[in-house]
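# Sharing a model that was predicted from the sequence below.
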Amino acid sequence: MLGFSIIPRDCTLMNTSTEPDREHDTIRAVQWRGDRLCLLDQRLLPGEERWIECRDADQVTQAIRDLAVRGAPAIGIAAAWGVVLAAQQGAPLDPVLAMLRAARPTAVNLMWALDRMKARIVAGVGAAALEREAQAIQDEDLAANRHMGELGAALIAPGSGVLTHCNTGSLATAGYGTALGVIRAGVAAGRIDEVFAGETRPWQQGARLTMYELIRDKIPAHLIADSAAAHLMRSGKVQWVIVGADRIAANGDTANKIGTYQLAIAARHHGVKFMVVAPSSTVDMATPNGEAIEIELRHADELLSTGGRRTVVEGAQAWNPVFDVTPAELIDAIVTERGVIERPNEPVMQAVFGR
Ligand code: MRU
């Protein structure tokens, strides 16, 4: 059994940088400390703000697998730091890369970050250069999020309401967030008047994490039951559904948290626009379409129990796919740091991302 150290004294929840508008973006959940990685344990939020400290790649792998750190960009960043820890300790790096890569299957940011680290290893660099590469991956993610925030917010008419799903904020990224970054920017610009977040059963990323993040950062928001989404759209209160992504295929098909697909169908039916916000590290031009994306199946207990307490009759079984694929034709805009792709399809994706 691998154990984490907890509550290191010098890890702080606060964004202590000099970035603009940091009072509305206070969380930095993945923090490198030179010889260890501090992670805000997302399994315990919002009840407890506990940090865990990973001192080797095994512990980073376990943290990714167990969802202590989660969200596509954040797991890629954490994995890059896991490689740095292994290099500092003189561990053989190929097995470490393979172990981290296998931690979760759907979010391509994990593989993208490890491929980037591998390219530096193949070039023969040492631990210090690998540390610079991991830092660059983290810094570039934050910069991409800020840029996407501006691009996405510009698509939204002043006075709009928006619905988001899962958690795509500072907790899921290097900071600021993807879909939640657009929401931050849209609220700041006066374009978004009302924010709704779906609870995101079964792991409750929306209820536990997005609401925590928004309320902490003074962005008013309403939680809805996932099953209230179509009714909300019919009410006219939301003009956009804004979500993140775990992998965007070459034709624009997008894998994201389970429940995203049904939101896209309901949005199209009600004339509500549907926006996907993700950095280019989420785009996988080697995967032709959504059919080819591996969907992570997690343990049935996530559905059969709540907060560690069994809520479903003993003997019941459950099927727990944690992502689904939204076909490109249901997406009005994909926002990346390279620009906005409206009505995505293979030729447009090819033009922006090549092969
Ligand atoms: O299982 P999770 O919590 O890692 O799933 C996260 C999502 O599906 C997010 O929407 C996605 O990774 C984008 S995060 C910026």
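Yep, it's here. Numbers count the residues shown, from 1 in each chain.
# quick one: contacts for the residue of the chain found nearest the ligand?
Distance from the ligand to each residue of the chain (Cβ to the nearest ligand atom) is smallest for residue 244, at 2.8 Å. For every residue, glycine as well, the C-beta is placed using N, CA and C. Applying Cβ atoms under 8 Å, 6 or more residues apart in numbering, we find residue 244 in contact with 71-72, 166, 168, 172, 177-180, 256-257, 276-278, 282.
# and if you look at residue 113?
By Cβ under 8 Å, 6+ apart, the contact list for residue 113 reads 76, 77, 79, 80, 137, 281.
# With secondary structure, distance to residue 192 and neighbour count as extra columns, can I get those residues in CSV?
Formatted as CSV, these follow (DSSP: H, G, I helix; E, B strand; the rest coil; distance: Cβ to Cβ, whole Å; neighbours: other Cβ atoms under 10 Å):
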residue, secondary structure, distance to residue 192, neighbour count
76, helix, 28, 31
77, helix, 27, 30
79, helix, 33, 31
80, helix, 32, 29
137, helix, 29, 22
281, helix, 26, 24
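# For these, which two are the farthest from each other?
Spanning the widest gap among these are 79 and 281, at 11.9 Å by Cβ to Cβ.
# related to what we said a few turns ago, next, the spatially closest residue to the residue of the chain closest to the ligand that is not a sequence neighbour: phi, psi?
In space, and not counting its chain neighbours, residue 244 is closest to residue 168: 3.5 Å by Cβ to Cβ, 6 or more residues apart in numbering. Main-chain dihedrals, residue 168, degrees, to the nearest 10: phi -130, psi 20.
# do residue 39 as well
phi -130, psi 130.
# is it true that the residue nearest to residue 244 touches residue 180?
Yes. Counting by Cβ atoms under 8 Å, residue 168 does reach residue 180; the two are 4.8 Å apart.
# any shared contact partners between these two?
Shared contacts of residue 168 and residue 180, defined by Cβ under 8 Å, 6+ apart, are found at 210, 244.
# ok, the closest residue to residue 278 other than its chain neighbours - contacts?
Closest residue to residue 278 apart from its sequence neighbours, by Cβ to Cβ, 6+ apart: residue 245 at 3.9 Å. Residues in contact with residue 245, defined by Cβ under 8 Å, 6+ apart, are 72, 178, 254, 255, 256, 276, 277, 278, 282, 334.
# List the contacts of the most centrally placed residue in the chain.
Residue closest to the mean C-alpha point of the chain, counted by Cα atoms, centre = their mean, is residue 71 at 2.9 Å. Counting by Cβ under 8 Å, 6+ apart, residue 71 makes contact with 167, 168, 171, 172, 173, 244.
# For those residues, name the two members farthest from one another.
Greatest spacing in these, by Cβ to Cβ: 171 and 244 (11.5 Å).
# Tell me the buried residues in the longest strand along the chain?
Taking DSSP state E as the criterion, the chain has its longest strand at strand 192-198. By 16 or more other Cβ atoms under 10 Å, the buried positions in strand 192-198 come out as 192, 194, 195, 196, 197, 198.
# isn't residue 305 right up against residue 311?
Yes. Between residue 305 and residue 311 there is a contact at 6.1 Å, judged by Cβ under 8 Å.
# When those two are compared, which one has more neighbours?
residue 305 (15 against 9; other Cβ atoms under 10 Å).
# ok, the more buried one to residue 67 distance?
15 Å (Cβ to Cβ, to the nearest Å).
# tell me which parts of the chain are close to the ligand?
70-73, 107, 166, 168, 172-173, 178, 205, 244-246, 256-257, 322 (Cβ under 6 Å from any ligand atom).
# From the residues you listed, which land in strands?
256, 257.
# Can you tell me the closest non-neighbouring residue to residue 22?
For residue 22, the spatially nearest residue (Cβ to Cβ, 6+ apart) is residue 15, at 4.9 Å.
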